[in-house]
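# sequence plus predicted model, see below.
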Amino acid sequence: METYALLLAATLNAGTVLALASLGLLINEKAGIVNLGAEGMMLCAAVAGFATVSVTGSDLLGFMAGMTIGAVLAAIFGFFVIWLNTNQYATGLALSLFGAGFSAFVGVAYVQAKLPERVQYAVPYLSDIPWLGNALFKHHPMVYGVVTLTIGLSWFLYRTRSGLVLRAVGESPDSSHALGFSVRKIRFFSVLMGGALCGLSGAYISIIYTPLWVEGMIAGKGWIALALTTFATWRPSRVLWGAYLFGGVTMLQFHLQASGIDVPSQFLSMLPYLSTIVVLCLISQNSRWLRANMPASLGKPFSP
């Protein structure tokens, strides 16, 4: 039972990484912008966060550094695709490639670096409950914060006027512009928020999830996060559940290896990506349902 408790705890931790990035990309796509640069932003944020903590010893400053780097890279991306009307897919891929190379170059000096001793978190009293304590109540505050973020984002998108405007821009930018809304500014702000959350996810990986820095440590999580938005049909609550699902698949490979199951390690390592492909193939079978949930102007440029 304790083994399953640890597996559930690892699933929540891994799901937090994917949920943070996916919620950021969801904000982008609700406004009609597709950003394929999540992997690059997360890599740059990971090295920035790790470097900041190794120098200052402050996790908070590390998270802020990651969010800042993510927002800056997203701002550059937003300038090109929103004001210069470059192709969103090509620009996002360029950002991802840039982030991979730049993070590897900057992070050379931090490959052997170590962070200060990590704090062990536990919810008072609840963490002492047998099984449930290890499974649910010994996590970093970010694990609980992402649940709050999901609820807050759902409320913002579907219960506030600003959220309605954001969704309207993603559905029909021409109509929104005709009503007097600044479509470009709304989209740019959405891109900034999405980049900041991707940056927070990258910093969380290098500071908390695996407290170290190595080249390419994001290992495709940015692409899985991108696929999650489609898997969740652009709904924040479904993004969270999907993140936990994919996080569980990721952790399952280590559980199976530890259990001594005779399965090639290469097959276990590809499970998260294989499940991503399978899910996307299944979703794409119902194109009418997918189009009904997808923002109508997703990936389309807008010129006032």
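Good, I have the coordinates. Numbers count the residues shown, from 1 in each chain.
# against residue 292, how distant is the closest residue to residue 15 other than its chain neighbours?
Once flanking residues are discounted, residue 15 sits nearest to residue 247: 3.3 Å by Cβ to Cβ, 6 or more residues apart in numbering. C-beta here means a position set from N, CA and C on the backbone, and glycine is covered the same way. For residue 247, the distance to residue 292 equals 28 Å [Cβ to Cβ, to the nearest Å].
# which one's more surrounded, the two?
Between residue 247 and residue 292, residue 247 has the larger neighbour count (other Cβ atoms under 10 Å), namely 23 against 10.
# could you pull out the helices for the protein?
Ranges of helices within the chain are 2-30, 38-56, 59-78, 88-106, 132-136, 141-159, 161-171, 173-178, 183-204, 221-231, 236-258, 265-269, 271-284, 287-293, based on DSSP state H.
# right, and these - which one's nearest residue 211?
Closest to residue 211 of the helices of the chain, according to Cβ to Cβ: helix 38-56, at 8.0 Å.
# okay, the angle between that closest one and helix 2-30?
Orientation check (axes from the mean of the first three to the mean of the last three Cα atoms, to 10 degrees): helix 38-56 against helix 2-30 gives 120 degrees.
# which helices and strands sit right next to helix 38-56?
helix 2-30, helix 59-78, helix 88-106, helix 183-204, helix 221-231 (3 or more Cβ pairs under 8 Å, 6 or more residues apart in numbering; DSSP states H and E).
# nearest to residue 38, of those?
helix 221-231 (3.6 Å).
# helices or strands up against that closest one?
Helices and strands touching helix 221-231, by 3+ Cβ pairs under 8 Å, 6+ apart, are helix 2-30, helix 38-56, helix 183-204, helix 236-258, helix 271-284.
# looking at those, which has the lowest confidence?
Confidence, taken as mean pLDDT, is least for helix 271-284 of the helices and strands packed on helix 221-231 (a mean of 75).
# got the contact list for that one?
Defining contact as Cβ atoms under 8 Å, 6 or more residues apart in numbering, one finds that helix 271-284 is touched by 220, 223-224, 227, 230-231, 246, 249-250, 252-253, 290.
# try it again at 10 Å.
Contact with helix 271-284 is made by 14, 18, 219-221, 223-224, 226-228, 230-233, 242, 245-253, 256, 263, 267, 270, 289-290, 293, as judged by Cβ atoms under 10 Å, 6 or more residues apart in numbering.
# hmm, which of those residues are the buried ones?
14, 18, 219, 221, 223-224, 226-228, 230-232, 242, 245-253, 256 (16 or more other Cβ atoms under 10 Å).
# I'd say residue 77 and residue 94 touch.
Yes: with contact defined as Cβ atoms under 10 Å, residue 77 reaches residue 94; the gap is 8.7 Å.
# could you name every residue contacting both of these two?
With Cβ under 10 Å, 6+ apart as the test, residue 77 and residue 94 both reach 36-37, 40, 86.
# just to revisit the earlier point, wait, which of the helices and strands packed on helix 38-56 is closest to residue 136?
Of all those, helix 2-30 comes closest under Cβ to Cβ, at 7.5 Å.
# can you give me the buried ones in the closest one?
5, 7-30.
# what is that helix packed up against?
helix 38-56, helix 59-78, helix 132-136, helix 141-159, helix 161-171, helix 183-204, helix 221-231, helix 236-258 (3 or more Cβ pairs under 10 Å, 6 or more residues apart in numbering; DSSP states H and E).
# okay if I get these as a markdown table plus distance to residue 125?
Formatted as a markdown table, the helices and strands packed on helix 2-30 follow (distance: least, Cβ to Cβ, whole Å):
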| stretch | distance to residue 125 |
| --- | --- |
| helix 38-56 | 30 |
| helix 59-78 | 24 |
| helix 132-136 | 9 |
| helix 141-159 | 16 |
| helix 161-171 | 37 |
| helix 183-204 | 26 |
| helix 221-231 | 34 |
| helix 236-258 | 25 |
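# between these, which one is nearest to residue 98?
Closest approach to residue 98 among those is made by helix 38-56 (5.7 Å; Cβ to Cβ).
# could I have the closest one exported to CSV, CA atoms only?
C-alpha atoms of helix 38-56 as CSV (Å, rounded to 0.1, in the frame of the first residue of the first chain):
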residue,chain,number,x,y,z
ALA,A,38,6.7,25.8,-24.9
GLU,A,39,9.6,23.3,-24.8
GLY,A,40,12.1,26.1,-25.5
MET,A,41,10.6,28.4,-22.9
MET,A,42,10.5,25.7,-20.3
LEU,A,43,14.2,24.9,-20.9
CYS,A,44,15.3,28.5,-20.6
ALA,A,45,13.2,29.0,-17.5
ALA,A,46,14.6,25.8,-16.0
VAL,A,47,18.2,26.9,-16.3
ALA,A,48,17.3,30.5,-15.1
GLY,A,49,15.5,29.2,-12.1
PHE,A,50,18.2,26.7,-11.2
ALA,A,51,21.0,29.3,-11.6
THR,A,52,19.1,31.8,-9.4
VAL,A,53,18.5,29.3,-6.6
SER,A,54,22.1,28.1,-6.7
VAL,A,55,23.3,31.7,-6.3
THR,A,56,20.7,33.1,-3.9
